[in-house]
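> I need the structure of the sequence given here:
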Amino acid sequence: MTIDEELTHLDSLLRRLKIEYEVYFNNPTKRPPADLEWKAVALIRKHSDGGRMNFTQRFRYNEMAQRYAIYSDLWRKKMRIREEGYRRPQDALLSVQGVRTMDEPTPAHKARGAAAAAESHGFTLECSAACPKDDVERLYNALLAAKKKSGEAVSGDLKSFSTFVKKKTDEIRKQYSCEKVEYSVELQNGHVKLKAKAKA
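Next up is the predicted model:
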């Protein structure tokens, strides 16, 4: 399979895994979907270095790896509660609550995220319909410098990065009906990530 096909397969595995875990936690006779999770983890590990990916693929991979990390943490907590029983009132809530999407962080996550962002933002850039070439180059250089500093492999050149930024900006502006898209180079858990979010 090509990288794009494997990423599509990973996305499908994560969707199935979420459903299977929901069934498992609601049915005491079910077994956890360990085989399915093993396949997803194997794919995440396979592409963790990102050496063969272009910017678009790397961005897509990071989103899915982050999604799995959130799911996995919640499943681990639910498993502990299932095995040990409810010890605190909030445990009962945790056992039935769903996983929030990246667009719906909890207040606690927002606070932690703001603090982390203040420490880890290396560079931010706002792009509208037409993003100046010089600005895109500055964002690319900031990403390049951060990756080199953290010892991560760098893939893709400025031209492919510019194409990626334009395409991603158009997609987000259309999806969220926003005027601008903010890009930021961040360091999370020792890994450099390029993030994009809608701006009014």
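> For the strand or helix carrying residue 45, what does the pLDDT average out to?
For residue 45, the enclosing helix or strand under DSSP states H and E is helix 34-46. Model confidence over helix 34-46 averages 90 on the pLDDT scale.
> in the single longest helix found in the chain, what counts as buried?
As assigned by DSSP state H, the longest helix anywhere in the chain is helix 55-84. The neighbour-count criterion (16 or more other C-beta atoms under 10 Å) identifies 55-62, 64-65, 67-68, 71, 74-75, 78, 81 as the buried residues of helix 55-84. Placement of C-beta: from N, CA and C, glycine included.
> swap in stretch 124-135?
125, 127, 131.
> thought the second one was touching residue 181?
Yes. Using C-beta atoms under 8 Å, residue 127 is in contact with residue 181, at 5.1 Å.
> Now the common contact residues for those two.
Both residue 127 and residue 181 are in contact with residue 169, where contact means C-beta atoms under 8 Å, 6 or more residues apart in numbering.
> could you show me where the helices are in the protein, in order?
Along the chain, counting by DSSP H, helices occupy 3-26, 34-46, 55-84, 89-96, 107-120, 133-150, 158-176.
> got those helices as TSV, with distance to residue 198 columns?
Supplementary listing: those in TSV, determined by distance: least, C-beta to C-beta, whole Å:
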stretch	distance to residue 198
helix 3-26	21
helix 34-46	26
helix 55-84	15
helix 89-96	29
helix 107-120	16
helix 133-150	17
helix 158-176	4
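> So for residue 188, which of the ones you listed sits nearest?
Taking C-beta to C-beta as the criterion, residue 188 comes closest to helix 107-120 out of those, the separation being 6.4 Å.
> for the closest residue to residue 32 other than its chain neighbours, what are its contacts?
Excluding the flanking residues, the one nearest residue 32 by C-beta to C-beta, 6 or more residues apart in numbering is residue 24, at 5.3 Å. Residue 24 makes contact with 30, 31, 32, 33 under the criterion C-beta under 8 Å, 6+ apart.
> how does it look with 7 Å?
Listed by C-beta atoms under 7 Å, 6 or more residues apart in numbering, the contact set of residue 24 reads 30, 32, 33.
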